[in-house]
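A.B. asks: any chance you can model this:
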Amino acid sequence: MRRRTGRAARLAVLLALAPVPLSGCGIQETEVVEAGRPAVGDLLPPRETRLLLFFHGPDGELLPVPRIVDVPWPSGGSPADGEEADQALSPLAAVTAQLTGPDEDERRAGFRNDSSLPGTASAVDRVVTDGPAVEVRLTTGVRTLTAPARDQLVCTAAYAAHPKGSRPVALAGRDGRLPPADCSVRPVPAPAR
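C.D. replies: Numbers count the residues shown, from 1 in each chain. Next up is the predicted model:
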C-alpha cells in the first residue's frame, strides 16, 4: 500500500509542477510587430545575357519572360568596361524574337503571343531608338493589332531600349503610325543594397 501512496504522491507533485515548464519561462505575449516589406530579390538573369520578352500567360496576363541569349563579345568571354554587346541584344533582336513567338519551353509553360501579332520575324522592318520615342516599324499594318498585341510589342521594345522600360514606343506600319505608348508592366523594385 505504501508503494501506491508513494507513486500517487509523486504523480501529484509532477502534475502540480507541469505548468511551470509550459508557462514560457516568463516571456510575455506580445502583439504582431510590423518589420517592413517582405524580402524582394531581382530574379532576372543579367541584362548582358538576356532579352526580356512579353508573352501572355495561361491566365491571359501580360508577363515578362527572360530569354537567355549567347552573346559573342568582341573581347572574348565577357564584357569589358564600356564594351557593348553585338546586335544579339538590340531592340530589333528583341522585337524579332517577340514576333517569332515563345520557344518550346515557354510554350510548355503556357506562354503565348496574341493571335493578331504577325507570326514571322520578317514582319519587323526596323526599330529606331534615337528619337524621343522608340519606333517599331512593321512591314504589316498596325491598326489591326489588338490592344494586347500592341502591349506586347510596346513592352518588349521599351525594355530592350531601356533597363526600366521607361521609353515610350510608337508602332508604325503600312497603314500609318500609332501614338507613342508606355509599357503598363512595371517590375517590383528591388531594395537598395
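A.B. asks: how about the helices in the chain?
C.D. replies: Secondary structure of the chain by DSSP state H: the helices cover 2-17, 19-22, 91-100, 104-108, 147-161.
A.B. asks: dump the ones you listed into TSV; add mean pLDDT as well.
C.D. replies: Converted to TSV, those look like this (pLDDT from 0 to 100):
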stretch	mean pLDDT
helix 2-17	66
helix 19-22	57
helix 91-100	93
helix 104-108	96
helix 147-161	95
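A.B. asks: rebuild those as TSV, extending it with mean neighbour count and distance to Ala181.
C.D. replies: All C-beta spots, glycine's among them, are computed from the backbone N, C-alpha and C. Listed next are the helices of the chain as TSV, based on neighbours: other C-beta atoms under 10 Å; distance: least, C-beta to C-beta, whole Å:
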stretch	mean neighbour count	distance to Ala181
helix 2-17	9	73
helix 19-22	8	63
helix 91-100	22	14
helix 104-108	11	24
helix 147-161	23	5
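A.B. asks: now these in JSON lines, with distance to Val32?
C.D. replies: Shown next, in JSON lines, are the helices of the chain (distance: least, C-beta to C-beta, whole Å):
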{"stretch": "helix 2-17", "distance to Val32": "32"}
{"stretch": "helix 19-22", "distance to Val32": "23"}
{"stretch": "helix 91-100", "distance to Val32": "44"}
{"stretch": "helix 104-108", "distance to Val32": "40"}
{"stretch": "helix 147-161", "distance to Val32": "38"}
